[in-house]
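K.L.:
here's a sequence, model it:
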Amino acid sequence: MDTVEEQHAFRLVAAVVASALFMQNVDATIVATALPSMARELQTSAVSLSSAITSYLIALTVFIPVSGWVADRYGAKRVFLCAIATFTLASVLCAVSTGMGELIAARIVQGIGGAMMVPVGRLILFRRVRREELLSATTWLTMPALIGPVLGPPLGGFLTDSLGWQSVFWVNVPVGAVGLLLAWRLIPDTAAPRPPAPDLIGMTLIGVSLTSLMVGIETFGRGVLPLGVALCCILAGLLCFCLTVWHCRRTAHPAIDFSLLRIPTFHVSTVAGSLFRAGAGALPFLVPLTLQLGFGLSAWRSGVITLASSLGSLCMRPMTSLALRYWSVRAVLIGSSLSFAAMLLVCATLSASWPQSAIFALLLLGGLSRSLGFASMGALAFADVPPAQLSAATSFQGTAQQLMKAVGVAVAAGSMQCTMWLTGQAHAQRLDFACAFVTVAVMVAVSWPMFAKLSPQAGAGISEGKRREKGKEKGR
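P.N.:
Residues are numbered from 1 along each chain as shown. From the prediction side, this is the model:
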């Protein structure tokens, strides 16, 4: 992007793509805030209603692997437009749902739209930038989208208390309509090499694997399915995943390109980053439940406090480049993982005696460390990926990200369900929330040894601090 016109065009495209992220991120946080109200009206427990979140995330995870191929086959712009339309229409279906089954079905359709919307939008943007501009592109892509999680919790609380939980889905309609219009007008049509035939076997195997795993994890110990059935789902999912890896390693154009894991920076940002993202996915689920069910706060007050985490993320994004100017990517990732895990452990000590301002400050700090980790991992993941593999890398990353968000929610809900069963409680208590926070904190902490194994030179061109380290080593 050497000219002013090219920079202006890039920013317009980034803003349009970010509108899709904005819509998806608003939806994620706004639904979590409305869960207790939804549970009361649908006559179920709020913990069990985690299915309304995980069903969406499962659909995202299952269909993201095909997003890169579909974008190459039918054109990224066309697929992006169809995805926004699908997501918006599915939001309407969620709003008019009258039962749990209808809601979950609509959330699955919404997940299919999201699976094509965000990865394809990211692909459109990354194809327009050079390697050294990846961090800038990532920041431009996510900065406007971070406004969504900031607005989501208080907006969700206000709408839930004032108009009912159905209203939280209507907010996607005007955003989707504007995004659809802007994408049609501003995103250029770009030619891409005609992709090879799709790996239908691989797509089927990964879809069955992820669906079975998430159904098993989500229903384990909750009485929704017999315990043996839930265990069989988990085992079947693991077996299908092993078959997926075996098949994809032997196919010329696999549904998921596992050869990308041979790239050290992509490997670490995907594997270790997945554990980090599991904790980040569980936080928006646990905090509103803790505040509303544990402390008796209203949806509105809970939403105002919960926005602190997203506000911290929003504030940190412009400072990420500054942090990477003084420290290496490795140091930043280690620091963000440890600080985020520590924040989750402190959340386990929350009680009704805590001042609400202190809870707000704690979540704000957690948002800072979480955002720093996300931005650094996002840029590092694609730093060494060859241009020919960008589509495959985008699909792989998107699949891993959404899967671990779903895993985070399922593990947190499962942890609460287990402690409720052990203590014989019908409703979640403070101990149940504390155990869930500790479980998630341990998941996040496991990521830091993997980040520590990164080379000091990892992510060439991203970190100024990394370049200084490299210069020092050469001078020795």
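K.L.:
quick check: the gap between the closest residue to I104 other than its chain neighbours and L368.
P.N.:
Of all residues not flanking I104 in the chain, S55 sits nearest, at 4.6 Å (Cβ to Cβ, 6 or more residues apart in numbering). Just so you know, the C-beta spots here come from the backbone N, C-alpha and C atoms, and that holds for glycine as well. According to Cβ to Cβ, to the nearest Å, S55 stands 31 Å off from L368.
K.L.:
what is the burial count for the residue nearest to I104?
P.N.:
Residues lying near S55 (other Cβ atoms under 10 Å) number 22.
K.L.:
isn't it right up against Q110?
P.N.:
No. Using Cβ atoms under 8 Å, S55 is not in contact with Q110, being 9.2 Å away.
K.L.:
could you pull up the mean pLDDT of the one helix or strand G335 maps to?
P.N.:
For G335, the host element (DSSP states H and E) is helix 329-347. The predicted model gives helix 329-347 an average pLDDT of 88.
K.L.:
then stretch 245-252?
P.N.:
86.
K.L.:
okay, it in CSV with CA atoms only?
P.N.:
Output of stretch 245-252 as CSV, limited to C-alpha atoms (Å, rounded to 0.1, in the frame of the first residue of the first chain):
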residue,chain,number,x,y,z
VAL,A,245,-5.6,-36.4,10.5
TRP,A,246,-4.7,-39.7,8.8
HIS,A,247,-6.8,-38.8,5.7
CYS,A,248,-5.7,-35.2,5.4
ARG,A,249,-2.0,-36.1,5.6
ARG,A,250,-2.5,-38.4,2.6
THR,A,251,-4.6,-36.1,0.4
ALA,A,252,-3.2,-33.6,-2.1
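K.L.:
if we go by neighbour counts, what in that stretch is buried?
P.N.:
Across stretch 245-252, burial judged by 16 or more other Cβ atoms under 10 Å covers V245, H247, C248.
K.L.:
mark which of those are part of helices, please.
P.N.:
Per DSSP state H, helices hold the following members of the buried residues of stretch 245-252: V245, H247, C248.
K.L.:
from A441, how far off is the nearest residue to S351 once chain neighbours are set aside?
P.N.:
Closest residue to S351 apart from its sequence neighbours, by Cβ to Cβ, 6+ apart: R430 at 6.3 Å. Separation of R430 from A441 (Cβ to Cβ) stands at 16 Å.
K.L.:
among those two, which residue is more densely surrounded?
P.N.:
More crowded of R430 and A441, by other Cβ under 10 Å: A441, with 21 against 16.
K.L.:
and that one, what element?
P.N.:
With DSSP H and E as the test, A441 turns up in helix 430-445.
K.L.:
what packs against that helix?
P.N.:
helix 264-289, helix 329-347, helix 390-423 (3 or more Cβ pairs under 8 Å, 6 or more residues apart in numbering; DSSP states H and E).
K.L.:
pull out the buried residues from it.
P.N.:
Buried residues in helix 430-445, defined by neighbour count with 16+ other Cβ under 10 Å: 430-437, 439-441, 443-445.
K.L.:
name the residues that touch stretch 348-361?
P.N.:
290-291, 294-296, 301, 305, 308, 430, 433-435, 437-438, 441 (Cβ atoms under 8 Å, 6 or more residues apart in numbering).
K.L.:
same thing but at 6 Å, please
P.N.:
Outside stretch 348-361, the residues within contact range by Cβ atoms under 6 Å, 6 or more residues apart in numbering are F295, I305, A308, A434, F437, V438.
K.L.:
re the thing from before, among the ones in helices among the buried residues of stretch 245-252, which one lies nearest to V66?
P.N.:
C248 (13.4 Å; Cβ to Cβ).
K.L.:
quick one: that closest one from V26, how far?
P.N.:
34 Å.
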